[in-house]
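**Student:** Have a look; sequence and predicted model below, questions after that.
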Amino acid sequence: MENNPAVHAFATLGHPGRLAVFRLLMRFAPQGVRPTEIAEALGLKQNTLSHHLGDLTASGLVGVERQGRSLYYAVDLDATEGLIRYLALDIGRARPDLLAPLRSVQQDFQPMTAEHPETNFDVLFLCSGNSARSIFAEALLRDLGRGRFRAFSAGTRPNTELNPFALEILKRNGHDTSGLRSKHISEFQKPDSVTMDFVFTVCDTAAAEECPPWPGQPITGHWGLPDPVKATGTDAEKALVFAQTYAALRRRIMAFVELPFASLNRMSLQSRVDAIGTDTQAKA
């Protein structure tokens, strides 16, 4: 990256509002987000957000794509990598004494290793209420993972009890629901908590939440799905929405458990996790 584009990019990110938009988009990367969802998550007026998105797009850090009748804004990961590389290699002169604490490049090219060899990987699914989508994901990975994963779920604003439609879907599909409960994310942020290998958000609200960095730098992914709890209509129509959500998560988790973990390094595995989240078949 040359000086002029770098100056433009840094100047753009120097505004707290634009930086907040960029940080939110990074949490959804490589997927895009609609302006209405950004405005709701950050509490911004639409005209203010439009100015921020225009500036970020002009700087090259963000791109926009039309899908149907909606516009989706997403971080340009190549441009962002170029900006980081400019800081590290040009300004920092690639000095190992300065960069070593900041870099995990060697780790990124190492095969994934598990904290608990007997179960391989610890995986946390997050959503806002922890009453349906993340509970589906926890039960599915626990039962489809063939003992290779320890599955957990939590919510940023958990409900007091699990959704009855979700419980019925799980029972109908042969899952044991006796140990499932709604939990707050703080249960997994204590000093003695399990160190996660993977953290997935399964709703847009949870992905937009500010969370402290997870210990151990887990691979993260956003597998957002609409909230079935918001379904309207008869009980049969609501149950159908829950069944469709369960089926979509089942397809994604089946794809996840079939990944060749032993032969993939962290960077490759992150790309595969992202691909599962953007697979249109998995969303169907």
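**Tutor:** Received it, and whenever you're ready, just let me know what you need.

**Student:** Which stretches in the stretch 1-150 of the chain count as strands?
**Tutor:** 62-67, 70-75, 121-127, 149-155 (DSSP state E, counting those that start in this stretch).

**Student:** To T220, which of the ones you listed lies closest?
**Tutor:** strand 121-127 (9.7 Å; CB to CB). For every residue, glycine as well, the C-beta is placed using N, CA and C.

**Student:** could you give the mean pLDDT of that closest one?
**Tutor:** Average pLDDT, strand 121-127: 94.

**Student:** again, but for stretch 267-275
**Tutor:** Here the average pLDDT along stretch 267-275 is 88.

**Student:** buried sites along that stretch?
**Tutor:** Within stretch 267-275, the residues scored as buried using 16 or more other CB atoms under 10 Å are S268, L269, Q270, R272, V273, D274.

**Student:** Check stretch 10-29 too.
**Tutor:** So for stretch 10-29, counting by 16+ other CB under 10 Å, buried means T12, L13, R18, A20, V21, F22, L24, L25, R27, F28, A29.

**Student:** Could you point out which residue ranges in the stretch 51-200 of the chain have low pLDDT?
**Tutor:** 89-119 (pLDDT under 70).

**Student:** show me where it has helices.
**Tutor:** 77-85, 96-99, 105-108, 133-144, 164-172 (DSSP state H, counting those that start in this stretch).

**Student:** Mean neighbour count, those: which tops it?
**Tutor:** Among those, ranked by average contacts under mean count of other CB atoms under 10 Å, first place goes to helix 133-144 (a mean of 25).

**Student:** who's in contact with that helix?
**Tutor:** The contact list for helix 133-144 (CB atoms under 8 Å, 6 or more residues apart in numbering) reads 123, 125-127, 149-155, 162-163, 166, 169-170, 174-177, 180, 182, 200, 202-203, 223, 225, 227-228, 245-246, 249-250, 253-254, 256-257.

**Student:** I figured A9 hits E81, correct?
**Tutor:** No: using CB atoms under 8 Å, A9 is not in contact with E81; the gap is 11.9 Å.

**Student:** Closest to the centroid, which residue in the protein?
**Tutor:** In the chain, the residue lying closest to the centroid (CA atoms, centre = their mean) is H222, at 2.7 Å.

**Student:** Quick one: residues contacting that one.
**Tutor:** R27, F28, Q31, F200, T201, A207, G277.

**Student:** same deal with L124?
**Tutor:** Each residue near L124 by CB under 8 Å, 6+ apart is listed here: F152, S153, A154, F188, M196, F198, V199, F200, P218.

**Student:** if I look at it, how far off is L77?
**Tutor:** 24 Å (CB to CB, to the nearest Å).

**Student:** I'd like to know which of the buried residues of stretch 267-275 is nearest to V62.
**Tutor:** Among the buried residues of stretch 267-275, and counting by CB to CB, the member closest to V62 is D274, at 17.3 Å.

**Student:** measure the closest residue to A151 other than its chain neighbours to L162 for me?
**Tutor:** Excluding the flanking residues, the one nearest A151 by CB to CB, 6 or more residues apart in numbering is L141, at 4.0 Å. Relative to L162, L141 is positioned 17 Å away (criterion: CB to CB).

**Student:** can I get the CA coordinates of stretch 256-264 in CSV?
**Tutor:** Written as CSV, here are the backbone C-alpha positions of stretch 256-264 (Å, rounded to 0.1, in the frame of the first residue of the first chain):
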residue,chain,number,x,y,z
PHE,A,256,-18.4,-28.5,9.8
VAL,A,257,-17.9,-32.0,11.4
GLU,A,258,-16.8,-33.4,8.0
LEU,A,259,-13.9,-30.9,7.6
PRO,A,260,-10.4,-32.5,7.5
PHE,A,261,-9.2,-30.8,10.6
ALA,A,262,-5.9,-32.7,10.8
SER,A,263,-4.8,-31.5,7.4
LEU,A,264,-6.0,-27.9,7.6
